[in-house]
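J.: no FASTA, just this:
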Ligand code: GLU
């Protein structure tokens, strides 16, 4: 990351559905923090999940964000394009980082299927959190790969077992996640040639010189994993600010499939967007 005191923030939606009030509130906070520091805000479209992402949602999210009152200084449709701001156009950046991690043995190829992992763990896994990888393919020592990287396999990050990753979150306060307990060796590169979220987001936030990442609190555990990737790459991690999740009347977090809270539906119902914005004194 460039050693530049200027604040650079980003908003990074995935076009898997219409944005809802939770996304909008987080992006509003990102914008407010950026404006208060006279910074630049980058819009990045995170569309690596080819099955779930649709171009119509990428168009819709830009329209809906503008209606809500969000603006950005750099992104797919403004700022002259220093680089592609759409993740599916950034493969060359990710490949470079994948090679860099492989060359130091920070990651290793893994041939296990989901079923293999479930079988090795001996129990079906319930809940949202992905089961920790049991280490079947993990070499005892880091193995550097330089010339030929196996491409028909997943690649996992070799986490430092039992080490606590601690960081201060600007909104949520002190955080602590233990590698090998709170998360296991996680996938950074998929056998279909697509980087996993953790690798793509670190590559992009570093390349784009992001100084503070503002996003939803559901990504706090991911931040610990991303800090390990920054460290393995020798990059300085940005500051983090994870916003509390917006809940519906029944106390459930909003989902893209629960249409009533979508910006699109509210806009079509003639709601004034000013009434939807969170109060923020950031
Ligand atoms: N694209 C992710 C999402 O929409 C957000 C990733 C991030 O902010 O790091 O959930």
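T.: That came in fine, so what should we check first? Keep in mind the model is a prediction, meaning the values are calculated, not measured.
J.: got the contact list for the closest residue to the ligand within the stretch 51-200 of the chain?
T.: The minimum distance from the stretch 51-200 of the chain to the ligand, using Cβ to the nearest ligand atom, falls at residue 197 (6.9 Å). The C-beta positions use only the backbone N, C-alpha and C, and glycine is treated the same way. For residue 197, the contacting residues are 46, 48, 222, by Cβ atoms under 8 Å, 6 or more residues apart in numbering.
J.: of those - the most surrounded one?
T.: Using other Cβ atoms under 10 Å as the neighbour criterion, residue 48 leads the contacts of residue 197 with 22 neighbours.
J.: doesn't that one belong to a strand?
T.: No - read with DSSP: H, G, I helix; E, B strand; the rest coil, residue 48 is coil and lies in no strand.
J.: enumerate every residue touching the spatially closest residue to it that is not a sequence neighbour.
T.: Nearest non-adjacent residue to residue 48, counting by Cβ to Cβ, 6 or more residues apart in numbering: residue 87, 5.0 Å away. Neighbour list for residue 87: 44, 45, 46, 47, 48, 200, 204 [criterion: Cβ under 8 Å, 6+ apart].
J.: excluding chain neighbours, what is closest to residue 106?
T.: residue 232 (4.0 Å).
J.: just list the residues touching the one you found, thanks.
T.: Per Cβ under 8 Å, 6+ apart, neighbours of residue 232: 101, 104, 106, 157.
J.: just give the nearest non-adjacent residue to the second one, would you?
T.: Okay, so that is residue 104. Nearest to residue 104 is residue 144, by Cβ to Cβ, 6+ apart, at 6.1 Å.
J.: just checking, the one you found touches residue 105?
T.: Yes - the pair residue 144 and residue 105 qualifies as a contact (Cβ atoms under 8 Å) at a distance of 4.6 Å.
J.: more neighbours, the two?
T.: residue 105 (15 against 9).
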